[in-house]
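**Q** my questions concern the predicted model and sequence given below.
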Amino acid sequence: MSSTASGKHGTWRNWGGNVTARPVRQVTPASVEELAAEVRKAAEEGLRVKPVGTGHSFTSIAATDGVQIRPELLTGIRKIDRTAMTVTVEAGTPLKRLNAALAREGLSLANMGDIMEQTVAGAVSTGTHGTGRESGSIAAQITALELVTADGSVLTCSREKNPEVFAAARIGLGALGIVTAVTFAVEPLFLLHAREEPMPLDRVLAEFDQLWAENEHFEFYWFPHTGSTNTKRNNRSAGPARPVGQPAGWFEDEFLSNGVFQVAQWVGRAAPASVPAIARISSGALSARSYTDIPYKVFTSPRRVRFVEMEYAVPRAALAETLRELKAAVERSGLRVSFPVEVRTAPADDITLSTASGRDSAYIAVHMYRGTPYHAYFSVAERIFTAHEGRPHWGKVHTRDAEYFDRVYPRFGEFRALRNRLDPERLFQNDYSRRILGE
């Protein structure tokens, strides 16, 4: 996955193809000092500033008609502290490069999302997460941050230093400053045993609390128009490592999950009436498998079929009811949904605007193939999610605004007050941040 930034007319487009922007200029600073100078220059010119990573957000969180900061040169590991068990990494580093570098050093993050194409700053700033009973989002693993604020100064924060900034900036939405470096807690490299298994949706929902409690990382995919899911359980293992074999891995992860799935999406878009039959065939073709490997090779998987996504976090206790309502709504509506619905969990954390802030959460993600009309489906889903006080993923499609967030985030006012202090002139504002945070 990558962003697409066309030189023609200076147009930038996100990975999902649903957001475009035409910045006045794009700059690629080679150091924090150069980035700070670009921020000061933009302020003098009266231009807004936005950093952009790989463009994987489906909202316009990184779009700007001012100065677009590209982080391609701000990459690499600054420091590994084996006493504190932390790693400090430049903000433009893609997660896939960080994962590989940590593995070479015999280290690993505790948890991560299911893709690793994003930059470090992009992933943490939007609240990227995986699934976990006790381990939270990528941002929840941060121990310190460095960011360039609106006056061009460099601010560092942690639980001990500028703690009020640290509480919010771990998921700062690009509104508090430009993240330039992140320090993560890491641990010795370990093995995960993955068990993937088809299971009826009714059984998954009836046994969800038990499946969640018995596994360190549990997630599942439900195939709309069917009663079928594919479940995945990841748990730490003493080994030995038994990776997916190359032929089997290529066949299942590339040929089936990307190649055949891509063809199914083409067919479904051209002939929507065929979608339920395709879903039944796809879900029926699933088989169980298990393997053991280092964490990032288990947590993540290739995603080459492009889509648009909405995801909401609801209280974990409300998951079964919410998903049953979504299933009933899809069946009533006559909608044709060709992408599976993804369900994951996260424990409560203390990050101001984390979707799991202060409550154990379950995430329900709905997708549509890129180029397929998605508004009707997402509107149906969003009405259900918001009825359960759902919190939308900051980087995925939603229609909520500051008034709504003030109701579902107890510390929303705290974040806004910090923004007023760090960026009083709204140098880092765009239309999206104006909608979600207010003026």
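**A** All right, it came through fine. Numbering: from 1, shown residues only.
**Q** mind listing the strands in the stretch 251-400 of the chain by residue range?
**A** With DSSP state E, counting those that start in this stretch as the definition, the stretch 251-400 of the chain shows strands at residue ranges 289-293, 307-315, 341-346, 361-369, 391-392.
**Q** neighbouring strands for the fourth one, and are they parallel or not?
**A** When pairs are called by DSSP bridges, strand 361-369 turns out to pair with strand 307-315 (antiparallel), strand 341-346 (antiparallel).
**Q** out of the strands of the stretch 251-400 of the chain, which gets nearest to D401?
**A** strand 391-392 (10.9 Å; CB to CB). C-beta: built from backbone N, CA, C; applies to glycine.
**Q** contacting residues around that closest one?
**A** Strand 391-392 is contacted by residues 310-314, 355, 361, 382, 385, 398, 400, 405, 408-409 when judged by CB atoms under 8 Å, 6 or more residues apart in numbering.
**Q** just stretch 410-427 next, same as before
**A** Surrounding stretch 410-427, the residues in contact under the criterion CB under 8 Å, 6+ apart are 39, 42-43, 48-49, 149-150, 164-165, 167-168, 175-177, 352-353, 357-358, 402, 405-406, 409, 429, 437-439.
**Q** just the buried subset of those residues, please.
**A** Neighbour-count burial (16 or more other CB atoms under 10 Å) applied to the contacts of stretch 410-427 gives 39, 42-43, 48-49, 149-150, 165, 167-168, 175-177, 352-353, 357, 405, 409, 429, 437.
**Q** picking that back up, right, so of the strands paired with strand 361-369, which gets closest to I294?
**A** Between I294 and those, the tightest spacing by CB to CB is seen for strand 341-346, at 20.3 Å.
**Q** what mean pLDDT would you report for the closest one?
**A** With pLDDT averaged residue by residue, strand 341-346 scores 98.
**Q** domain-wise, how is this protein divided?
**A** Residue ranges for the structural domains of the chain, counted by automatic domain parsing, are given in the record as 77-188, 191-392.
**Q** worst mean pLDDT among these?
**A** Comparing those by mean pLDDT, the weakest confidence falls on domain 191-392, with a mean of 90.
**Q** quick revisit: and the domains of the chain: which comes nearest G53?
**A** Smallest distance to G53 across the domains of the chain (CB to CB): 3.1 Å, for domain 77-188.
**Q** start and end of that closest one, how far apart?
**A** Across its full length, domain 77-188 reaches 17 Å end to end, with CA to CA, to the nearest Å as the criterion.
**Q** try stretch 332-345
**A** Between the opening and closing residues of stretch 332-345 there is a gap of 27 Å (CA to CA).
**Q** and the contacts of stretch 315-326?
**A** Counting contacts by CB under 8 Å, 6+ apart, the residues outside stretch 315-326 that touch it are 201, 205-206, 208, 212, 222, 314, 341, 343, 345, 359-362, 364, 366, 380-381, 384-385, 388-390.
**Q** PyMOL command to pick out the buried ones of those residues?
**A** Written as a PyMOL command, the selection of buried residues from the contacts of stretch 315-326, which uses 16+ other CB under 10 Å, is:
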select buried, resi 201+205+208+212+222+314+341+343+345+359+360+361+362+364+366+380+381+384+385+388+390
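**Q** for A213, the count of nearby residues, please.
**A** Using other CB atoms under 10 Å, A213 has 9 neighbouring residues.
**Q** and after the helix or strand hosting it, which helix or strand comes next?
**A** Here A213 is covered by helix 208-214, with elements defined by DSSP states H and E. Scanning forward in sequence from helix 208-214 by DSSP H and E, the next helix or strand is strand 217-222.
**Q** pull out the buried residues from the next helix or strand after that following strand.
**A** Taking DSSP H and E as the definition, the helix or strand that follows strand 217-222 towards the C-terminus is strand 228-237. Counting neighbours by 16+ other CB under 10 Å, one finds that the buried residues in strand 228-237 are S228, T229, N230, T231, K232, R233, N234, N235, S237.
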